[in-house]
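> Sharing a model that was predicted from the sequence below.
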Amino acid sequence: PLPGAREGLPYALTFPQKRPGSSEGAVLSASPSGLGSDCATLVVMSRSKQLRHVRSLLLVPVALLAACATTSAPEPSSTEITVLIWNILHGADDEGELNLEAKGRYIAEQAADLVLLQEIAENCERTGGIDQMAVLGEITGMSPAFGSFMPYQGGRYGLGTLSGLPVTESRTFRLPEGGEPRVALLQKMQVRGRTLLVANLHFDWRDDDSARFAQARALLAELDTLDLPMIVAGDFNDIPESRTMQAFFTAGFVTAESPGPSFNARTPTIDIDHILIRSGPGLELESLGGEVLDEPTLSDHRPVVGRI
């Protein structure tokens, strides 16, 4: 970077001869002559009297002159975000063997911008007393956040989100209880200088959908108080045709992933993990498609990816 220089500004170039009495060699200078007060000045001096590296120096004015003939590239009108969701079975496989680091490596390989995870343990006995979101954050290089459902085995149990986007606010929203306590993890993030709400959820699992439907209605009521574009995703524990999912569709949400079974991982037969989007002030969200990933052994759910 040039001190005081600004990208995309034009430069006028001069090539004066070696300065009389100078031992520094020739001088190449760039100045804003007649081109506006925002231009910067560049001076490059050779360390050699013979200016042996003149070809390398000449590359500099070529790049600078190109700025005189072009304007700065306009900001792209859209940004693509990849979202990965995955119920990771408290960091174990479907036979109960702990494999959190293998999951972390798999997540990193997907290169998603947002990763919404369910069944996360924090300092629990059965998972070795480790902070799983902290470990996954270290492996992936993403910012971790944890939402606690309840105390469990000396620690806490809940869900978590890894973000590659700037996060400005994180909080949990308590949902109506079912077979276990539940929260949604709500985070405000910055995209193109605008605020995007990302909600990570894990609804009740029981066959009776009463608690699940109550959780959906409570979350929707909270979301409707926030006039923001939204991604709402996770383990809904219900199929697209259910009244739980239809409540979201009625509220203006659409799916960002292609329909497909995600549970159980070895022989998936049911579509219960979903990525939903809804546009809001400043950001129009559009699905670019997605799919259930072919990963049958690391958890009892398959990961699902959506591109927005």
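On my side now, so go ahead. Residues are numbered from 1 along each chain as shown.
> what does the model give Asp208 for pLDDT?
On pLDDT, Asp208 comes in at 97.
> how about low-confidence regions in the stretch 51-200 of the chain?
Across the stretch 51-200 of the chain, the ranges flagged by pLDDT under 70 are 51-75.
> mind listing the strands for it?
Under the criterion DSSP state E, counting those that start in this stretch, strands of the stretch 51-200 of the chain are mapped to 82-87, 114-122, 143-152, 155-163, 167-175, 182-191, 194-202.
> wait, what's in contact with the spatially closest residue to Leu226 that is not a sequence neighbour?
Nearest residue to Leu226, sequence neighbours excluded (CB to CB, 6 or more residues apart in numbering): Leu197, at 6.0 Å. Backbone N, C-alpha and C define where each C-beta goes, glycine included. For Leu197, the set of contacting residues under the criterion of CB atoms under 8 Å, 6 or more residues apart in numbering consists of 186-189, 223, 226, 228-231, 280.
> Repeat the analysis, applying 10 Å as the threshold.
Leu197 is in contact with 169, 186-189, 223, 226-232, 278, 280, counting by CB atoms under 10 Å, 6 or more residues apart in numbering.
> any idea which of those is closest to Leu116?
Nearest to Leu116 among these, counting by CB to CB, is Ile231 at 8.5 Å.
> Model confidence score at that closest one, please.
What the model reports as pLDDT for Ile231 is 98.
> From what I see, it and Leu201 are in contact.
No - counting by CB atoms under 10 Å, Ile231 stays clear of Leu201, with 11.1 Å between them.
> List the residues that are in contact with both of these two.
Both Ile231 and Leu201 are in contact with 85, 116, 276, where contact means CB under 10 Å, 6+ apart.
> Please tabulate the residues you listed in TSV, including the columns neighbour count and distance to Pro296.
Formatted as TSV, these follow (neighbours: other CB atoms under 10 Å; distance: CB to CB, whole Å):
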residue	neighbour count	distance to Pro296
Ile85	29	17
Leu116	30	20
Leu276	25	25
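> quick one on the thing from earlier: of the contacts of Leu197, select the buried ones using a ChimeraX command.
What follows is the ChimeraX syntax selecting those of the contacts of Leu197 that are buried according to 16 or more other CB atoms under 10 Å:
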select :186,187,188,189,223,228,229,230,231,232,278,280
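> Now the two most distant members of the contacts of Leu197.
Farthest apart among the contacts of Leu197 by CB to CB are Glu169 and Arg278. That separation is 18.5 Å.
> the strands in the stretch 201-308 of the chain, which residues?
Using DSSP E, counting those that start in this stretch, the strands assigned to the stretch 201-308 of the chain run over residues 230-235, 254-255, 273-278, 290-292, 304-307.
> need the contact list for Thr79.
Contacts were defined as CB under 10 Å, 6+ apart; by that measure Thr79 touches 113, 165, 191-192, 283, 308.
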